[in-house]
Structure formats: C-alpha cells, structure tokens
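J.: kindly generate the corresponding structure for this input.
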Amino acid sequence: MIRFFANHPTGANLLMLLLLLIGVVSLPTLKRETFPDFTPQEVEVRVPYPGAGSEDVEEVICQRVEDALDGIAEVEEVRCEAMEGVGVIVAKMREGERMARFLDDVRTEVDAIDDFPDTLELPVIRQLGRSDQVVSIAVTGPMSVSDLKTWAEQLKRRLQRLDAVSQVSIEGFSDRQLRVHVSSRALLQYGLSVSDVADAISRQSIDLPSGTVNTRDRELLVRFTDLRRTPRELEELLIVSGESGAEVRLGDIATIEDRFELDEEMTRFNGARAAVLQVSKTKEEDTLTVMEAVEAFVAAERATAPPGVRFELTQDVSSIVRDRLQMLLRNGAQGLILVFLTMWLFFRFRFAFWVAAGLPVSFLGGLFLMSMIGYSINMITMVALLIALGLLMDDAIVISENIASHLQRGKRALDAAVDGTREVLPGVLSSFLTTVAVFGPLAFLAGDMGKVLKVLPVVLILVLAISLVEAFLILPHHLASALSGGHGREGRFRSRFDAAIDGIRERVVGTLVDRFIRWRYLFTGCVIALFLATMGVVAGGYVKFRAFPDIEGDVIEARILLPQGTPLWLTESVVDRVVDALGRVDAEYTPLQPDGKPLVRNVNVRFGKNIDAHESGAHVATISVDLLTAEERRGDLDTIINRWREETGEVPDVIDLNFSEPTFGPAGRPIDIRLSGEDI
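T.: Sure, this is the predicted structure:
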C-alpha cells in the first residue's frame, strides 16, 4: 500500500484533496460552544401554592410528589425544595436511560396525584438544561415602566423572527395587573362590600364563548367579548343601578392603577430601570452564530431607536468561546510556522513544506470525523487539538528524517521514501497505540466529569488516526517527488549549519551519553530519586489537584441575602453601598488597563434574585458586573473580587454577601453538605 501510493502519480494527491475538501465542507456544520454537553439528566416539577409557608409546602407538595416518583424505576435521586409559595422537585435519571421515556413517566405520576388542595396551581414539568445562555440585551430609556415592558415584548418578537435566534426571555418585570383601590366611605355609602365589587367586575369583564345560533342559511358562533384591559375601560363598569335609572360606575368609587404585581422584581442597568432580554441557544445551535445575529440586530435597533433609548449587550458568554477559538487558531498557525522553519533548517524548502502540510490535512480530516459523530468546537476539543498538534508533527518528522537518511545511503528517491517509511512503521504505530492506551480510559469516565472529558481522547485519537493515513499514504509520495531532483548544491549557510549540528552531536551529546553509560548506576539512581521527588511533591500537597482549570471569565457577581421581611428600600441601600465600593475599585484599576479603558463596562442589579439563597423577595439581590475581556484585562479576577470585598467592608443586617465569579463548565461548590432527618 505504501509503495502503491508513493509510486502512483495522482493517488496521494487525490487522497489529500479529499481530506481537505471534506474538512472544509464540514466546518460550517461544527457548533462552537464553551463546553461539551454535560447537562445532568434531570426533570423539574414546579408546583405553585400561593400563600403557603415552607412547612405546608413540604407536607402538601414534597411528600406527595416524592411518594409518587418512588415508583419510577429510572429514578436515581429525588430532591425537593420547599419554599414560601412554591415547591420545586428535581428527579435525576439514572445514566444510560432514555430521557423521553423518563419525562413521560414523571409527568404521568404527577398528573395521577388526585389529593392536592384546590388552591394549588397546575404543576409545571420540564427537562432541565435544554438551553445555554449566550448574551443578554439591556434596554433603558425615558419611558414609563409599563411602556418599557411593552417595548421589550416587541423587541422579543422581532428578535425571534431571526433564523439564528430561537430562545428569548424577558427579565426585570413581574406579572402585570390592574389594581382597584375602593374607598371605604363609598362602600358604606352604597351598602357594598369588597366582594360585591369583585363579583361585579368578574361578571362584566369577561371573554367567553356563548354557544351557537342555528339559522336556515348558516350556523353562527356567539361569543361575549367584554374583557376590560385598561383602567379607563374598567372605570366604565356598572356597580350599582337604581330604579330611577341612576348608575354608579367603578370609576366613581375606586381608583384603578395599572402596575406590576411585585415591586422587587426589577432590574437596574447602570443605574436606570431596564428591561433585559436574555438570549439562549438550544443544544443544536452555534454560540457564535447566535451572537453574531444578536449583534447585527442590536446595531440595527440602535440606528432606528427613539432619542434616549439605549441598547447594551451584557453577560456575554460567547466571548470566552471566541477568545479560546482565536487562541487555538493563533497557536496552530504559530506551530505550523515554527515547524516549517525548523524543518527548513535541516532540509530543503520542498521537503519542509510537505512535512508541514500534514498538519492542516490531519486537522481538517479530524474535524470532518468530529462533525460526523456530533462533536462541537469547545474548550475540551480545542485542548485535544493542541495536544495532537505536537504528536502528529513528531510522527511526520520521524518519517521524513528516516527517508532522508535512506536517501543519503545512495538509494533512489522512491526507494528511500518507501523503505524509510516501512522501517519506522512499527515504531509510529506503537506510539499511536501508546497514546490510545494513555488517553483512551478517559472516554469511560462516568458522571458530569466523564461527559466533559470523554471528548478529549476521542478527538485526539481521530486526529492521530487521520495523521497516520497522511504520514504513510500521502507524505512518502510528496517526499519522493521533493527528493527526486537530488541534493543539489548546498549553500554556505547550510554547510556551516550542518557542520555545527554534527559538532554538537559528536562533542556534546555524544560525550554526555558516553559518561552516562560509564556511570550508569549513578545516573539510574538520580533518575529514580528525581521520580520519587516528583511523587513527593504531589503527595505532599505542593502541587494542587483540580478537576478543571479556572477559566478567566468577564463577569463577576455580588449576591446579597438579608433577613426575610426586609423592605425593598433597605435592600436598595445595601445595593448602593456595594455598587459604590465597585466604583472605587474601578477607579483604582482603570489606569492600569490598556489605553485607559474602564475596567467595569456595565453594572446590572437584579432585585428579588439570588441563586445561592434559593429564595426570592424584596430581601435578596444580585449585582452582575461586566468587565473588560480576559484578553485585554490587566489584573486577575480573584484580586479584583478581593478588592471589591475589602472596599465594601462589613455591611450591617446582611445574612450573606457573596462575591464570586459565575462558574463555567461542570464545576460546582468545592464542598456540598447535606443533612437529613425526620424532624425539620
């Protein structure tokens, strides 16, 4: 096979062009994301129970749902969070089971519970982790809060019309409501109660079908449509009517307010009330493609927006993917250039060119195989490609150097290419099998870590397998063609360089080898001692163990938890104190940044939300800060977070104030402690 391709005039070239072509064609189909899909196989059951305390939720919801889910064979674990007004149950599926069947089983068992209280709302059952956040769009302007929400809903509809965007949600608002404030004096004057007014509103503000009317010619559908959607329409509702024809309408005895249900569900962006459109992607969508569509949409909206309306991109997760992908391309290009220049020092230009050409051929062939098995371009697959970069160039250099050695013995170029390749074939194959034996077991790890790490050996082995095809079937033909013209006349630089290399080989390397052989027992003992010292450094804890490296992101957060019942104005004062401390940190670090760019780009405050507290209400808040990208920023995140914590100082009445960076990947809390018992 090696001689056939080496001697065939077009076979090797056609094979190389095929690998390049299928690789280039497969590039648009490869998704780009931060990490491989490591989403736990979990289903959430959320059951609202308005007005109930956490103990009531635990008894009425958690216990009944847990008992119902015990009969599902695929359940590995069930956990329930009983909070005020809602119970959240999460069922984890065993590995290897089918999620569609598991989701149907959970829905069937929950729907079969028939002893829930009447005041309970319908359970919401969904699979977790079906989408990943990409970026958020913050919209601010001089309009009222109600108009801001309407504007955001219009933006959401236009954004979802884009082919690349499918998942958009609006944050920063609670449910909209029309609140009726009835005067107690008016109630006494007309002999009414609050329930009488509520009944009058419910009877008249309706939108219901009223049956059908059959005529000789057709059948007509009758519908009563008188739903009042604005304060002005509600004011016209009839509350009291007299025999004389006098009427009392709702507007005569009440004040009607169009507002949102909860004051604490709001978002402030850079100090202004904002609507936040959170853009996510499904597992099948590309992070950078979605981001490019959003950037184009925001640019178009800015051009046509009314005066004072601002659009800002915040919480950009795609920047991590873009920065790491650019790093891979930059490192790959640098490696290719360095390999080519190094080979050029020892061999002729055509010889060095064909050795270096194996790198893009192997990479593109490996990317084609990745697209066939559904893998994406992410941080783990990029690490695998960087590892493969060095390994496959080693194989190409070994083969090319041995071919050159056979040529120096006086063989014809074709015979040197074939014999030299065949001679190192066992060694190169054993090197490939050693790599498979070392990295292959990672593909069989279980759990979230296994889902992430298993792509590394698979991608590495795929690329190396393609490199073997290139090294044994394509490279010999090209090297035979490159060497067919003979050695040619060597220049002065090449003669001096070869002489210097020969001198280092004989006088330096050869002398050291002779001495190591002469003092072989001492040398062996030193190697063993160095190995033991290395193991001691790891066993002694001087080299730390971490499953995944820290990823320098561009977002930091402060999560605030105050005692339950804390009014919103007090939470706002604590938020203002933390934001002021951030401003001092920004003033300290901004002069250190390139071109004096501000360290802090945006500050996003979300009231009523704290993922650490598992609570909602006026007593919790989260401050998210967008920083300069990791590629530009001077100063690591840990130092910046610590300075922010120091500037904030001790805040009175705060139960918990956590400064941290949102985690990426499968990493979580370093230690997670669970306490179980019968008595709450």
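
J.: next one: phi and psi at Met379?
T.: For Met379, the backbone dihedrals (degrees, to the nearest 10) come out as phi -70, psi -30.

J.: burial count for the closest residue to it other than its chain neighbours?
T.: If you skip the residues right next to it in sequence, Met379 has Arg324 as its closest partner in space, 5.5 Å away by CB to CB, 6 or more residues apart in numbering. Just so you know, the C-beta spots here come from the backbone N, C-alpha and C atoms, and that holds for glycine as well. When neighbours are counted by other CB atoms under 10 Å, Arg324 registers 20.

J.: what about the helix or strand hosting Arg324, distance to the chain center?
T.: Element membership of Arg324 [criterion: DSSP states H and E] is helix 318-346. Chain-centre distance of helix 318-346: 24 Å, with CA atoms, centre = their mean, to the nearest Å.

J.: mind checking the SS state of Lys411?
T.: coil (DSSP: H, G, I helix; E, B strand; the rest coil).

J.: show me the shaky parts of the chain.
T.: For the chain, the stretches with pLDDT under 70 are 39, 485-491, 546-551, 663-670, 680.

J.: how close does the residue nearest to Met379 sit to Asn13?
T.: Between Arg324 and Asn13 the computed distance is 34 Å (CB to CB, to the nearest Å).

J.: sorry, back to before: helices or strands up against the helix holding Arg324?
T.: When contacts are defined as 3 or more CB pairs under 8 Å, 6 or more residues apart in numbering; DSSP states H and E, helix 318-346 sits against helix 287-304, helix 349-372, helix 379-408.

J.: which one of the ones you listed lies nearest to Val509?
T.: Among these, helix 379-408 comes nearest to Val509, with 15.7 Å by CB to CB.

J.: same for the helix or strand just after that closest one, what does it pack against?
T.: Next along the chain after helix 379-408, taking DSSP H and E as the criterion, comes helix 413-439. Helices and strands touching helix 413-439, as assessed by 3+ CB pairs under 8 Å, 6+ apart, comprise helix 2-7, helix 379-408, helix 455-469, helix 475-483.

J.: these: which one's closest to Glu235?
T.: Closest of the helices and strands packed on helix 413-439 to Glu235 is helix 379-408, at 58.8 Å (criterion: CB to CB).

J.: quick one: the closest one to helix 413-439, angle?
T.: On the basis of axes from the mean of the first three to the mean of the last three CA atoms, to 10 degrees, helix 379-408 is oriented at 150 degrees to helix 413-439.

J.: what angle do helix 379-408 and helix 455-469 make?
T.: Going by the same axes, to 10 degrees, helix 379-408 makes 20 degrees with helix 455-469.

J.: what helices and strands are in contact with helix 379-408?
T.: On a contact count with 3+ CB pairs under 8 Å, 6+ apart, helix 379-408 meets helix 318-346, helix 349-372, helix 413-439, helix 455-469, helix 475-483.

J.: quick one: buried residues of the first one?
T.: When you say that, I think you mean helix 318-346. Using 16 or more other CB atoms under 10 Å as the burial criterion, the residues of helix 318-346 that qualify are 318-325, 328, 332, 335-336, 339-340, 343, 346.

J.: so the residue nearest to Met379 sits against Thr381, correct?
T.: No - contact criterion CB atoms under 8 Å: Arg324 and Thr381 do not qualify, at 10.5 Å.

J.: next, the angle helix 379-408 makes with the helix holding Arg324.
T.: Comparing the axes of helix 318-346 and helix 379-408 via the same axes, to 10 degrees yields an angle of 10 degrees.

J.: let me know the angle separating helix 318-346 from helix 287-304.
T.: In terms of direction (the same axes, to 10 degrees), helix 318-346 departs from helix 287-304 by 120 degrees.

J.: for Asp612, helix, strand, or coil?
T.: What three-state DSSP gives for Asp612 is coil.

J.: what pairs with the closest residue in space to it that isn't next to it in sequence across the strands?
T.: Distances taken as CB to CB, 6+ apart place Arg559 nearest to Asp612, at 5.0 Å, with adjacent residues excluded. Counting by DSSP bridges, Arg559 forms beta bridges with Thr622, Asn658.

J.: count of neighbours near Arg559?
T.: The local packing of Arg559 (other CB under 10 Å) involves 20 other residues.

J.: host element of Pro307?
T.: Taking DSSP H and E as the definition, one finds Pro307 inside no helix or strand.

J.: typed the wrong thing, it's Arg643
T.: helix 637-648.

J.: need the contact partners of that helix.
T.: For helix 637-648, contacts defined as CB atoms under 8 Å, 6 or more residues apart in numbering pick out 552-553, 556, 558, 577-578, 581-582, 584-585, 588-589, 599, 627, 657, 659-661.

J.: out of those, list just those in strands.
T.: Among these, DSSP state E puts 556, 558, 627, 657, 659-660 in strands.

J.: return the member of these nearest to Cys80.
T.: Nearest to Cys80 out of the ones in strands among the contacts of helix 637-648 is Ser660 (CB to CB; 25.9 Å).

J.: what's the distance between that closest one and Gln326?
T.: When Ser660 is compared with Gln326 (using CB to CB), they lie 27 Å apart.

J.: measure Asp286 to Ser376 for me?
T.: Look at Asp286 and Ser376: by CB to CB, they are 8 Å apart.

J.: ok, now Glu121?
T.: The gap separating Glu121 from Ser376 is 38 Å, by CB to CB.

J.: higher neighbour count, those two?
T.: Each of Glu121 and Ser376 has its neighbours counted (other CB under 10 Å); Ser376 has more, 22 against 13.

J.: what is the burial count for the residue lying closest to the more buried one once chain neighbours are set aside?
T.: Among residues not flanking Ser376 along the chain, Lys31 sits closest, at 3.9 Å (CB to CB, 6+ apart). If you count neighbours by other CB under 10 Å, Lys31 ends up with 19.

J.: these two touch, right, Lys31 and Thr282?
T.: No - the criterion here is CB under 8 Å, and Lys31 misses it with Thr282 at 10.2 Å.

J.: Pro9 and Ala480, how far apart?
T.: According to CB to CB, Pro9 and Ala480 sit 11 Å apart.

J.: neighbour-wise, which of these two wins?
T.: Shown here are Pro9 and Ala480; by other CB under 10 Å, Ala480 has more neighbours (24 against 8).

J.: which residue is the nearest non-sequential neighbour of that one?
T.: Leaving aside its sequence neighbours, Ala480 sits nearest to Ala417 (CB to CB, 6+ apart; 3.8 Å).

J.: list the residues that contact the one you found.
T.: For Ala417, the contacting residues are 6, 403, 406, 476-477, 479-480, 483, by CB under 8 Å, 6+ apart.

J.: distance-wise, check it relative to Leu369.
T.: Distance, Ala417 to Leu369, using CB to CB: 27 Å.

J.: quick one: the helices in the stretch 51-200 of the chain?
T.: Secondary structure of the stretch 51-200 of the chain (DSSP state H, counting those that start in this stretch): helices at 54-57, 63-69, 99-111, 145-160, 184-190, 194-204.

J.: figure out which of those helices is closest to Thr212.
T.: Nearest to Thr212, of all the helices of the stretch 51-200 of the chain, is helix 194-204, at 22.6 Å by CB to CB.

J.: what's that closest one in contact with?
T.: Outside helix 194-204, the residues within contact range by CB under 8 Å, 6+ apart are 180, 182, 187, 226, 228, 234, 237-239, 250, 253-254.

J.: can you list those in CSV and add distance to Gly172, neighbour count and secondary structure?
T.: Output for the contacts of helix 194-204, formatted as CSV (distance: CB to CB, whole Å; neighbours: other CB atoms under 10 Å; DSSP: H, G, I helix; E, B strand; the rest coil):
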residue, distance to Gly172, neighbour count, secondary structure
Val180, 25, 19, strand
Val182, 30, 19, strand
Leu187, 36, 16, helix
Asp226, 32, 11, coil
Arg228, 26, 19, coil
Leu234, 26, 20, helix
Leu237, 31, 20, coil
Leu238, 37, 12, strand
Ile239, 35, 21, strand
Leu250, 30, 24, helix
Ile253, 34, 19, helix
Ala254, 29, 21, strand
